[in-house]
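> what follows is a predicted structure for the sequence shown.
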Amino acid sequence: MDTIRENPFTIAQRQFDIAADLLDLHPGLCKVLRNPQRELSVSFPVKMDDGSIEVFTGYRVQHNLSRGPAKGGLRYHPQVDLDEVRALAMWMTWKCAVTNLPYGGAKGGVIVDPKQLSLSELERMTRRYATEISVLIGPDRDIPAPDVNTTPQVMAWIMDTISMHQGYTVPAIVTGKPINIGGSHGRNEATARGLTVVLHESARHLSLPLDRARVVIQGFGNAGSVAAHLLHEMGATIVAISDSQGGIYNPGGLQPNAVQQYKQNTGSVTGFPEADTLTNDALLELPCEILVPAALENQITARNASRIKARIIGEAANGPTTPEADEILYDQGCFVIPDILANAGGVTVSYFEWVQGLQEFFWTEREVNAQLERIMSTSFQNVLRTAQERKVHMRTAAYLVAVHLVSQATMTRGIYP
Ligand code: NAD
C-alpha cells in the first residue's frame, strides 16, 4: 500500500478528463461535471456513555442531479475527508449512468472509528448525523445507503429518525434497510452478486473457465465476504483473503464459511488455521486468475501494478486502482472490470428497494436477482462493445458510456436560468 495516499478526488477528476477528451466534451460542460453540485459539512455533538460530549465531523456531497435524485452510500471511517467523499459522489454519478439507473450521484461520511463506540453511542451519532443532513436527503432528493462500516441497522436508525421528524414512516429515505422495515430481498448480497455476473461475462469473453479460477480477495466485509461465498459456490478456488489486520493464504483453497466463522469469533481473518499469513501488499501480488479488491481506495498503483499477476481484476471496492496503474495493467494484458461497473450491483438493488418502498409492493428474491443479472450483463456488454469500438480499456469505456449519458441529460435540461 502507498505510504502517501493519492488524493481520490484528483484521481476521479483525471479519470473524467480522459473520457471528456475522447468525447470532445464542451469545455463549459467539463467545468460543470468536474465538480460536485452541492457539499454539506456538518459538525455535531454526541453525548457519550460516560457523560462527556464528543463533536464529530461529517459530510454529504451531491455530485450531479441531472438524471434523477442523488444516490450514494454513507461511510464511517477515521480517514474520511471531503475529497474522498467528493470522489465517491462523482463515481456514483457515473455508476448510476453506466447501469442506466435514474439517479445522480452522492456520498456521505463521518470521521469516526465505529469500533471505538458502544452500540448506543453509534445510534446517537447516527441519529444526530441523519438530522444534520436531513436538509439535503429525502426520498425524491437524495437517498443514502450502506458503505464501509455502515450496516442495515444504521440505515434503520436513519429511516426512523427522519420518520420521527415527519410524523409518518418514510421507507424510501434510505436503502439497504433490514427486510422487516421495507428492505429488499437480495440487497445484502447485491454488490457481490452483481460482481459475479460481470466476472462470469469477463471469463467467457477471455475463454477462462471460472470454475478452475484461483481467486484472491482483499477485504472481507459486505462486498468481499459475500463475493467469496458466491465465487466458491460457482466452483472457483478462494486462495487468499484479507481484512484490515492482514491476509491469509492457502493455495489449496479456503472455505469462506469457515473463515467467516473464525472472523466472527476472533474479530479478524488473520491467524486462521491451515493458512499462511501475509500482508495486504503481498496478497495483491499472488498468482491467481481473479483478484477482487474489496476494501478501500489506492491499493493498485504505479508502485505495484507491474507485479500483479491476476488475469482479471473485479473492482468491488471504489477507486482501488490509480490511472497510472490502469495503463500498466492494460499493457500487461490484465482485464480490469472498473468499480463503476463491477460493484454497481449494490446501487442497482438499492434502486429496486427504493422502487418497492415507493410502490409498497415487494418482489421475491428470485425477481430481484433476475432483474439484477439483466442490468449487470447488459451494462457489461455495453461497456465491452465501447471498449472494442474505441480501442480503450474497460474503465475508459465505462466512463465514455456514463459521461456521455450525463452530459446529454445536462444539455437537454439546459443551464438554469
Ligand atoms: P465493510 O465495512 O463491510 O468491509 C470493509 C472490509 O475491508 C473489512 O473486512 C475491513 O477489515 C477491510 N479493510 C479495511 N481496510 C483494509 C485494508 N487496508 N486492507 C485490507 N482490508 C481492509 O465495507 P463494504 O461495504 O464491503 O465496502 C468495501 C468496498 O466496497 C468499499 O470500497 C465500498 O465503497 C465498496 N462498495 C460497497 C458496496 C456495498 O453495497 N456495501 C457497494 C459498492 C461498493
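Yep, it's here. Computed from a prediction, not measured in an experiment: that's the story for all the values here.
> what's the pLDDT at the nearest residue to Gly183 once chain neighbours are set aside?
Distances taken as C-beta to C-beta, 6 or more residues apart in numbering put Lys177 closest to Gly183, at 4.0 Å, once the chain neighbours are dropped. All C-beta atoms are positioned from the backbone trio N, CA, C, and that covers glycine. pLDDT, Lys177: 98.
> equivalent analysis for Met1, please.
In this model, Met1 is scored at 43, pLDDT.
> now do the residue nearest to Gly183: how many residues are near it, please.
27 (other C-beta atoms under 10 Å).
> quick one: residues contacting it.
For Lys177, the contacting residues are 152, 155-156, 159, 171, 183, 353, by C-beta atoms under 8 Å, 6 or more residues apart in numbering.
> most neighbours out of these, which is it?
Going by other C-beta under 10 Å, Glu353 tops the contacts of Lys177 with 30 neighbours.
> tell me the residues on this protein that lie near the ligand, please.
146-149, 191, 218-224, 242-244, 280, 294-296, 316-318, 343, 346 (C-beta under 6 Å from any ligand atom).
> cutoff 5 Å now
147-149, 191, 219-223, 242-244, 280, 295, 317-318, 343, 346 (C-beta under 5 Å from any ligand atom).
> list the ones among the residues you listed that fall in strands.
Of the residues of the chain next to the ligand, the ones assigned to strands by DSSP state E are 242-243.
> of the residues of the chain next to the ligand, just the buried ones, PyMOL syntax please.
A single PyMOL command selects the buried members of the residues of the chain next to the ligand (16 or more other C-beta atoms under 10 Å):
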select buried, resi 147+148+149+191+219+220+221+222+223+242+243+280+295+317+318+343+346
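> sitting in helices, which of the residues of the chain next to the ligand do you find?
Under the assignment DSSP state H, the residues of the chain next to the ligand contribute 191, 222-223, 280, 346 to helices.
> now the contacts of Lys177 in CSV, with pLDDT?
Output for those, formatted as CSV (pLDDT from 0 to 100):
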residue, pLDDT
Pro152, 98
Met155, 98
Ala156, 98
Met159, 98
Pro171, 95
Gly183, 98
Glu353, 98
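> now the strands: where do they sit in the protein?
38-47, 53-64, 70-77, 104-111, 142-146, 214-218, 237-243, 246-249, 276-278, 290-293, 312-314, 335-337.
> pick the most deeply packed of those strands.
strand 290-293 (a mean of 29; mean count of other C-beta atoms under 10 Å).
> other residues contacting that one?
195, 199, 213-219, 224, 227, 231, 236, 284, 299-300, 308, 310-317, 320-321.
> returning to what we had before: can you list the strands of the chain in CSV and add mean pLDDT?
Below are these laid out as CSV (pLDDT from 0 to 100):
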stretch, mean pLDDT
strand 38-47, 98
strand 53-64, 98
strand 70-77, 98
strand 104-111, 98
strand 142-146, 98
strand 214-218, 98
strand 237-243, 98
strand 246-249, 98
strand 276-278, 97
strand 290-293, 98
strand 312-314, 98
strand 335-337, 98
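> quick check, the residue in the stretch 201-350 of the chain closest to the ligand?
Gly221 (1.7 Å; C-beta to the nearest ligand atom).
> mind listing what Ile238 touches?
215, 217, 228, 231-232, 253-254, 256.
> can you do 10 Å?
Neighbouring residues of Ile238 by C-beta atoms under 10 Å, 6 or more residues apart in numbering: 213-217, 227-229, 231-232, 250, 253-256, 259, 288, 290, 292.
> quick check: bridge partners of it?
Beta-bridge partners recorded for Ile238 (DSSP bridges): Val215.
> then Thr321?
Applying DSSP bridges to Thr321 gives these bridge partners: Ile300.
> wait, isn't it in contact with Gln299?
Yes: in this structure Thr321 lies within contact range of Gln299 using C-beta atoms under 10 Å: 7.4 Å.
> can you list residues touching both of the two?
Going by C-beta under 10 Å, 6+ apart, residues that sit against Thr321 and also against Gln299 are 293, 315.
> helices of the stretch 101-250 of the chain, start to end?
119-132, 152-166, 187-205, 222-233 (DSSP state H, counting those that start in this stretch).
> buried stuff in the shortest one?
Within helix 222-233, the residues scored as buried using 16+ other C-beta under 10 Å are 222-232.
> repeat that for the third one.
Using 16+ other C-beta under 10 Å as the burial criterion, the residues of helix 187-205 that qualify are 187-203.
> low-confidence ranges, the chain, go.
The chain contains residues with pLDDT under 70 at 1-4.
> quick one: contacts for Ala97?
64, 66-67, 103-105, 340, 379, 398-399, 401-409.
> same question for Leu208.
Contact analysis of Leu208 by C-beta under 10 Å, 6+ apart lists 199, 202, 289-290, 311-312, 335.
> now find how far off-centre stretch 25-41 is within its chain.
For stretch 25-41, the separation from the chain centroid amounts to 21 Å (computed by C-alpha atoms, centre = their mean, to the nearest Å).
> dump it to PDB, restricted to CA.
C-alpha atoms of stretch 25-41 as PDB (Å, rounded to 0.1, in the frame of the first residue of the first chain):
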ATOM      1  CA  LEU A  25     -16.900  17.400 -24.500                       C
ATOM      2  CA  HIS A  26     -17.700  21.200 -24.500                       C
ATOM      3  CA  PRO A  27     -15.300  22.900 -22.000                       C
ATOM      4  CA  GLY A  28     -18.200  24.500 -20.200                       C
ATOM      5  CA  LEU A  29     -19.800  21.200 -19.700                       C
ATOM      6  CA  CYS A  30     -16.500  19.800 -18.400                       C
ATOM      7  CA  LYS A  31     -16.400  22.500 -15.800                       C
ATOM      8  CA  VAL A  32     -19.900  21.600 -14.700                       C
ATOM      9  CA  LEU A  33     -19.200  17.800 -14.400                       C
ATOM     10  CA  ARG A  34     -15.700  18.100 -12.900                       C
ATOM     11  CA  ASN A  35     -17.000  19.400  -9.600                       C
ATOM     12  CA  PRO A  36     -19.800  18.500  -7.200                       C
ATOM     13  CA  GLN A  37     -23.000  20.400  -7.300                       C
ATOM     14  CA  ARG A  38     -23.500  20.600  -3.500                       C
ATOM     15  CA  GLU A  39     -21.400  19.900  -0.500                       C
ATOM     16  CA  LEU A  40     -22.500  19.900   3.100                       C
ATOM     17  CA  SER A  41     -20.100  19.800   6.100                       C
END
